[in-house]
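>>> sequence unknown, structure follows:
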Ligand SMILES: [Zn+2]
């Protein structure tokens, strides 16, 4: 409807005015349609996004803050392109993973931890760079998902865990336009220079990728 469109245009106009100089500098001007501009507004360098305490990026996730020593504040995807999801296995229980990620001495943490029953805890915002891959460039471009369990115990990777993690990954791919393939959804073991082996030989990649594709198709239809 025309009226709705122009109403949205006016709102965007006001926001564009607030950041007018920066928007002009990156050339997001008149060629960009209204909906695109409303998304791009957040991607203008130098615009720090407001953060709401306890807010999560993934629907249904519970927020537990990781120690700020285990991640670095950023403004992704404005400052770093997010084009990768990295799959981990904790080599411990869900509770121990959540606990060590709150410990400033640990020096590492991931954005998400997935439990055997499919529960998802988010500990670092997707805006921020989590120290999970042991590789600075890969940390800056990725979202890290930990799965509770041990690489040598395939029974730890439950149906509920695969399904919840696949939904989570499909949502991340949709948010940042990440292709759903094994070039962009990788295991920690595939990060250059790593000595980690997770998620290990028992992680069923064929099944996982099939579930991610199915979840992505559902998201696209919704
Ligand atoms: Zn790992």
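Ah, there it is. Quantities reported herein were computed from a predicted structural model and do not represent experimental measurements.

>>> give me phi/psi at the nearest residue to residue 59 once chain neighbours are set aside?
Distances taken as CB to CB, 6 or more residues apart in numbering put residue 171 closest to residue 59, at 7.2 Å, once the chain neighbours are dropped. To be clear about C-beta, it is placed using only N, CA and C from the backbone, and glycine gets the same treatment. Torsion angles at residue 171 (phi, psi; degrees, to the nearest 10) stand at phi -60, psi -40.

>>> doesn't residue 56 make contact with residue 171?
No. Residue 171 is beyond contact range of residue 56, at 10.9 Å (criterion: CB atoms under 8 Å).

>>> Now do the strands in the chain.
For the chain, the strands defined by DSSP state E occupy 62-63, 71-72, 84-89, 112-114, 120-122, 129-130, 142-147, 185-187.

>>> And the chain, what are its domain boundaries?
The chain is divided into the following domains under automatic domain parsing: 2-43, 62-221.

>>> closest to the ion out of those domains?
With CB to the ion as the criterion, the ion lies closest to domain 62-221 of the domains of the chain, at 3.3 Å.

>>> Between its first and last residues, what's the separation in the closest one?
25 Å (CA to CA, to the nearest Å).

>>> Could you do stretch 82-102 as well?
Terminal residues of stretch 82-102 are spaced 24 Å apart (CA to CA).

>>> Just name the most buried of the strands of the chain.
Stretch with highest mean neighbour count among the strands of the chain: strand 112-114 (a mean of 29; mean count of other CB atoms under 10 Å).

>>> Flag every residue of this structure that's near the ion.
By the rule CB under 5 Å from the ion, the part of the chain lying against the ion is 88, 188, 196, 198.

>>> Check the spacing between the residue nearest to residue 168 when sequence neighbours are not counted and the ion real quick.
Of all residues not flanking residue 168 in the chain, residue 58 sits nearest, at 5.4 Å (CB to CB, 6+ apart). Residue 58 sits at a distance of 19 Å from the ion (criterion: CB to the ion, to the nearest Å).

>>> Where does the prediction get shaky in this protein?
Residues of the chain meeting the criterion pLDDT under 70: 1-49.

>>> the helices in it, which residues?
Residue ranges of the helices in the chain, as given by DSSP state H, are 2-18, 20-25, 34-40, 94-101, 136-141, 159-176, 205-221.

>>> residue contacts, the nearest residue to residue 115 once chain neighbours are set aside?
Once flanking residues are discounted, residue 115 sits nearest to residue 94: 4.4 Å by CB to CB, 6+ apart. Going by CB atoms under 8 Å, 6 or more residues apart in numbering, residue 94 touches 113, 115, 116, 119, 121, 148.

>>> of all those, which two lie farthest apart?
Greatest spacing in the contacts of residue 94, by CB to CB: 116 and 121 (12.7 Å).

>>> if we take the contacts of residue 94, which one ends up nearest to residue 184?
Of all the contacts of residue 94, residue 184 sits closest to residue 113, with 20.9 Å by CB to CB.

>>> Please consider this matter closed, and thank you.
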